[in-house]
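Student: here is a sequence together with a model predicted from it:
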Amino acid sequence: MKKLFTLAVVAATMMFSQTANAQVQFGVKAGVNLSSISMSHDEDAIDASNRTGFFAGATAVFQLPIVGLGVDGSILYDQREAKLKISNTGISATPSDESLKLQQIAVPINIRYGFGLGSLASAFVFAGPQFGFNVGDKKTEVVKNLVAWETESTNFSLNFGVGVMALNHLQVTANYNLALGKTSELSFKNAYNEAFHPEVKASSWQIGVAYLF
């Protein structure tokens with residue numbers, strides 16, 4: 001966690017160090033997550049499907065003194081969910097349909113390149129790292145004495161997306177947040193009392209709207 005926090009601080013410091021020569025806009029941002037989870041082991045008894053979550057918080061956009069080039073950063077409360085369907089194939093006598101939840105403070109920092117679409121709008125592409133800090137339950141018992149969901153304290157991911165800015169204030173973005181490394185871990189036992197600990201990665205499609213002052 002200390003390493004991720006240090007990287008986040010360094011990245012934020014570099015971003016804010018550009019303010020002397022940059023045009024800065026601050027604002028608020030919110031949107032939806034369409035998340036899915038992938039596991040390191042393909043277990044027939046588990047089916048994780050997409051669920052909708054949300055994110056909201058503060059954002060800033062820095063237009064650098066290079067035509068089209070900018071940096072944006074945000075501090076967001078980010079909640080993601082995935083539906084976990086546990087069948088009766090060796091784990092439990094009765095099927096279970098549970099939701100897994102990830103709650104975190106997300107700090108995305110993106111490099112962006114924009115181009116005009118006319119006097120009223122512009123479009124841009126962006127990419128960059130995102131640092132996540134868990135603020136939810138560290139460990140949740142999904143099925144008593146059988147399945148547990150344990151979330152990492154920190155996680156790291158990458159964003160790739162596109163956006164449109166209208167009237168220099170209203171911003172709409174769409175991006176894919178790709179999890180790198182383990183986001184969490186499932187711990188469960190089958191009917192033979194054999195323990196499994198598949199690693200879980202939670203990636204997400206995101207649609208966001210921001211208003212910049």
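Tutor: Received, thanks.
Student: the helices in this protein, which residues?
Tutor: Listed in chain order, the helices of the chain (DSSP state H) span 2-16.
Student: where does pLDDT dip in it?
Tutor: Along the chain, segments meeting pLDDT under 70 span 1-22, 40-50, 83-98, 142-146, 188-198.
Student: list the contacts for the closest residue to Gly163 other than its chain neighbours?
Tutor: In space, and not counting its chain neighbours, Gly163 is closest to Thr173: 3.8 Å by Cβ to Cβ, 6 or more residues apart in numbering. C-betas here are computed from N, CA, C, even on glycine. For Thr173, the contacting residues are 31, 126, 161-164, 206-210, by Cβ atoms under 8 Å, 6 or more residues apart in numbering.
Student: distance of Thr173 from Tyr211?
Tutor: 12 Å (Cβ to Cβ, to the nearest Å).
Student: same check, this time on Ser187
Tutor: Ser187 is 42 Å from Tyr211, by Cβ to Cβ.
Student: comparing those two, which residue is more hemmed in?
Tutor: Remark: of Ser187 and Tyr211, Ser187 carries more neighbours, 16 against 13, as counted by other Cβ atoms under 10 Å.
Student: neighbours of the residue lying closest to the more buried one once chain neighbours are set aside, how many?
Tutor: The shortest distance from Ser187 to any non-neighbouring residue, by Cβ to Cβ, 6+ apart, is to Ala148 (4.6 Å). Per other Cβ under 10 Å, the neighbour tally for Ala148 reads 17.
Student: same check, this time on Ala60
Tutor: So Ala60, with other Cβ under 10 Å, has 19 neighbours.
Student: same question for the one 3 residues further on.
Tutor: Using other Cβ under 10 Å, Gln63 has 18 neighbouring residues.
Student: which non-adjacent residue is nearest Ala104?
Tutor: Quick fix: residue 104 reads Gln, not Ala. Gly132 (4.4 Å).
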